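J.: Generate coordinates for the sequence data below:
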Amino acid sequence: MLNLASLAPSLGMVVKLEDLFPVMATTAIFVLIGLVVFAIAFLIVVLVAPFSVKKEIEEDQNTALAIIIGALILGISIIIAAAIHG
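T.: As a prediction, the model looks like this:
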């Protein structure tokens, strides 16, 4: 019978606590940098648009604009993830 407890170290399932803190700190730093870059990119789009993005999506129910903004969010997120991943 297969014992999963004996396979845990070889599967990378055991993490020492002192090894976890640097990874958590690095992750938090990259999350903050990613959120700042994302916010700046979104702010640029909102400022460059010749109309109110919020009014168009919320009040006028402009589905096409909402899809474009959603695609922009996904695109920026993929770029940030690729930059962080290396």
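
J.: Any chance you could list what contacts the helix or strand harbouring A71?
T.: Using DSSP states H and E, A71 sits in helix 63-85. Contacts with helix 63-85, where a contact means Cβ atoms under 8 Å, 6 or more residues apart in numbering, come from 30, 33-34, 37-38, 41-42, 45, 53, 56-57. Where C-beta positions appear, they are placed from N, C-alpha and C, glycine not excepted.

J.: State the mean pLDDT of that helix.
T.: For helix 63-85, the mean pLDDT works out to 87.

J.: Now do the buried residues in that helix.
T.: Across helix 63-85, burial judged by 16 or more other Cβ atoms under 10 Å covers 69, 76, 80.

J.: pull the CA atoms of that helix into PDB?
T.: Presented in PDB, the C-alpha positions along helix 63-85 are these (Å, rounded to 0.1, in the frame of the first residue of the first chain):
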ATOM      1  CA  THR A  63     -22.000  46.300 -22.600                       C
ATOM      2  CA  ALA A  64     -19.400  46.800 -25.400                       C
ATOM      3  CA  LEU A  65     -17.400  49.200 -23.300                       C
ATOM      4  CA  ALA A  66     -17.600  46.800 -20.300                       C
ATOM      5  CA  ILE A  67     -16.200  44.000 -22.400                       C
ATOM      6  CA  ILE A  68     -13.400  46.200 -23.600                       C
ATOM      7  CA  ILE A  69     -12.500  47.300 -20.100                       C
ATOM      8  CA  GLY A  70     -12.700  43.700 -18.900                       C
ATOM      9  CA  ALA A  71     -10.300  42.600 -21.800                       C
ATOM     10  CA  LEU A  72      -8.000  45.500 -20.800                       C
ATOM     11  CA  ILE A  73      -8.000  44.300 -17.200                       C
ATOM     12  CA  LEU A  74      -7.200  40.700 -18.200                       C
ATOM     13  CA  GLY A  75      -4.400  41.900 -20.600                       C
ATOM     14  CA  ILE A  76      -2.700  44.100 -18.000                       C
ATOM     15  CA  SER A  77      -3.000  41.300 -15.500                       C
ATOM     16  CA  ILE A  78      -1.400  38.800 -17.900                       C
ATOM     17  CA  ILE A  79       1.500  41.300 -18.600                       C
ATOM     18  CA  ILE A  80       2.100  41.900 -14.900                       C
ATOM     19  CA  ALA A  81       2.000  38.100 -14.100                       C
ATOM     20  CA  ALA A  82       4.500  37.400 -16.900                       C
ATOM     21  CA  ALA A  83       6.800  40.200 -15.700                       C
ATOM     22  CA  ILE A  84       6.700  38.900 -12.100                       C
ATOM     23  CA  HIS A  85       7.100  35.300 -13.200                       C
END
